[in-house]
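Participant: Take a look and give me a structure for this.
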Amino acid sequence: MRKKRRVLRGISLGAKFMVVLIGLVIIFKSQLTSLVQTIFEKITSESSGI
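Facilitator: Numbering: from 1, shown residues only. The predicted structure is shown next:
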């Protein structure tokens, strides 16, 4: 029974982590999108000079 509780506790912890991670992505979606877009624009502009 103890082993089963440990497994369930691990699953519960992983599920909570995923919920928090998805929540953060939803909250900061626009900032993440603009950051990725800026990074790709910089890579594109600097790669044309090679």
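Participant: So which residues of the protein form helices?
Facilitator: Along the chain, counting by DSSP state H, helices occupy 2-27, 29-47.
Participant: quick check: angle from the first one to helix 29-47?
Facilitator: What separates the directions of helix 2-27 and helix 29-47 is an angle of 70 degrees, with axes from the mean of the first three to the mean of the last three C-alpha atoms, to 10 degrees.
Participant: List the buried residues in helix 2-27.
Facilitator: By neighbour count with 16 or more other C-beta atoms under 10 Å, helix 2-27 contains no buried residues. C-beta: built from backbone N, CA, C; applies to glycine.
Participant: lowest confidence element among the helices and strands of the chain?
Facilitator: Between all helices and strands in the chain, the lowest mean by mean pLDDT, DSSP states H and E belongs to helix 2-27, at a mean of 81.
Participant: helices or strands next to that one in the packing?
Facilitator: For helix 2-27, there is no helix or strand it packs on, judged by 3 or more C-beta pairs under 8 Å, 6 or more residues apart in numbering; DSSP states H and E.
Participant: just use 861 as the starting number from now, easier for me
Facilitator: Happy to do that; since the first residue is 861 now, the last one works out to helix 862-887.
Participant: From Q897, how far out is I887?
Facilitator: I887 sits 18 Å away from Q897, going by C-beta to C-beta, to the nearest Å.
Participant: Could you do Q891 as well?
Facilitator: In terms of C-beta to C-beta, Q891 sits 11 Å off from Q897.
Participant: now swap in V879 and tell me
Facilitator: In terms of C-beta to C-beta, V879 sits 27 Å off from Q897.
Participant: next one: K889
Facilitator: In terms of C-beta to C-beta, K889 sits 12 Å off from Q897.
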